[in-house]
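A.B. asks: What shape does this take:
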Amino acid sequence: MKFKFILYLVVTLGLAAMAYFLFFHDSDKPKEEKKNGGGGPAKVEAIIVKPQFAADTLTLTGSIDADEKVEIRSEVSGIVEKIYFSEGTRVGQGQTLLKINDIELQAQLRSAETRRQLTSENERRARLLLEKGAISQEEYDIASADFKTAQAQIQLIKAQISKTSVRAPFSGVIGLRNISPGAYISPDILITSLVKSSQVKITFSIPEKYASTVKLNSKIYFTVANSSEKFPATIYAIQPEIEINTRTLSVRAKADNSKGNLIPGTFANIAFDLNEVDDAIMVPTEAIVPVQDGKKVFIYKNGKAKEVMVQTGSRSQSDVIVLSGLNPSDTVITTGVLSLKDGADVKITLKNKPAKS
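C.D. replies: Below you'll find the predicted structure:
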């Protein structure tokens, strides 16, 4: 019994000693870490900026439009008698696309022609009687007016008959049709569309501050989705005023599409060359931090991060041209910039090395 008591006492004292050691050992750690500075300076990457040649190119998004496009509708109502086009095929200017039944108009035309013959004869007789003084000038004028009215009525009916033949206003590719033979159509029903795309129009907008660089007949280059080919285009029209809501200038260019590689309605990624700079300062886009008053970067100086306000120009997919705020040989921090504060301690790893003199 005494042996068991001694055993329990030894075990209890041992557990108590272990708990005491663990508690006081762990409670000293924060004090030690606080004394040693809480983990040291932030580790970041940086580059040394160097003047270099750069083409100051503006990257824009635009849309590709057909050179000409029209919705085909009938000017008159009636039953579709015949369709003369196949969907998705090329048609020529003036080609008949469909015919609307004109049987009633043809009957009206025959009636009007009969009336014209009668009024023509009446006008001839009235003229002879007027020459003999048998009727007054007023009576002749009435007969003459009836004849001219009959002539005008024929011209009106013929114009209506011509409208029953729907023709292509220009050469192009016809779209999908929305009607069938025998259908009743009216001017508000879309028959199909006609697109001329041997040339295409590229419509895009340029920020106001670059508006003065846009010139007629200047070249641009653009790409489209799923293709690496660069297509040339020539600026042929410039909007005469800035759009107030967007503060941009609308511009339109034309590009050759004889091979049919460009589809109207798709987006175009446009490279607009502003100028070439021999000593541009460029930094990675991730180094730029947008702020309320503009943009800033952090440079490394004497072991600390220093905040510098910058003005930027055009950008590529990976770099931005810095117009002011940086000097050659500045060390610009490129990682962790969103969590940095002015004057923070940093430890840098250079991604590029300074040139040896």
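A.B. asks: what about the closest residue to Lys306 other than its chain neighbours, which SS state?
C.D. replies: Nearest-residue entry for Lys306: Ile299, 5.2 Å, with adjacent residues in sequence omitted and distances by C-beta to C-beta, 6 or more residues apart in numbering. C-beta: built from backbone N, CA, C; applies to glycine. Here Ile299 is recorded as strand under DSSP: H, G, I helix; E, B strand; the rest coil.
A.B. asks: what about Ile299, neighbour count?
C.D. replies: Residue neighbour count, defined by other C-beta atoms under 10 Å, stands at 19 for Ile299.
A.B. asks: cool, and Thr234?
C.D. replies: For Thr234, the count of nearby residues is 14 (other C-beta under 10 Å).
A.B. asks: next one: the one 4 residues further on
C.D. replies: When counting by other C-beta under 10 Å, one arrives at 16 neighbours for Ile238.
A.B. asks: Next, work out how far apart it and Tyr184 are.
C.D. replies: According to C-beta to C-beta, to the nearest Å, Ile238 stands 46 Å off from Tyr184.
A.B. asks: next one: Thr334
C.D. replies: 69 Å.
A.B. asks: Name the residue in these two with the higher neighbour count.
C.D. replies: Remark: of Thr334 and Tyr184, Thr334 carries more neighbours, 20 against 12, as counted by other C-beta under 10 Å.
A.B. asks: What are the phi and psi values at that one?
C.D. replies: Dihedral pair for Thr334: phi -120, psi -10, per degrees, to the nearest 10.
A.B. asks: ok, it - contacts?
C.D. replies: Residues in contact with Thr334, defined by C-beta atoms under 8 Å, 6 or more residues apart in numbering, are 44-47, 283-284, 286-287, 351.
A.B. asks: Which of the three states applies to Ala152?
C.D. replies: Once three-state DSSP is applied, Ala152 turns out helix.
A.B. asks: Quick one: neighbours of it, just the number.
C.D. replies: 12.
A.B. asks: what about the helices in the protein?
C.D. replies: 2-35, 103-132, 137-162 (DSSP state H).
A.B. asks: between the second one and helix 137-162, how big is the angle?
C.D. replies: Translated: helix 103-132. 160 degrees (axes from the mean of the first three to the mean of the last three C-alpha atoms, to 10 degrees).
A.B. asks: helices and strands around helix 103-132, which ones?
C.D. replies: helix 137-162 (3 or more C-beta pairs under 8 Å, 6 or more residues apart in numbering; DSSP states H and E).
A.B. asks: Give me the pLDDT for the residue nearest to Lys306.
C.D. replies: Note on Ile299: pLDDT of 95.
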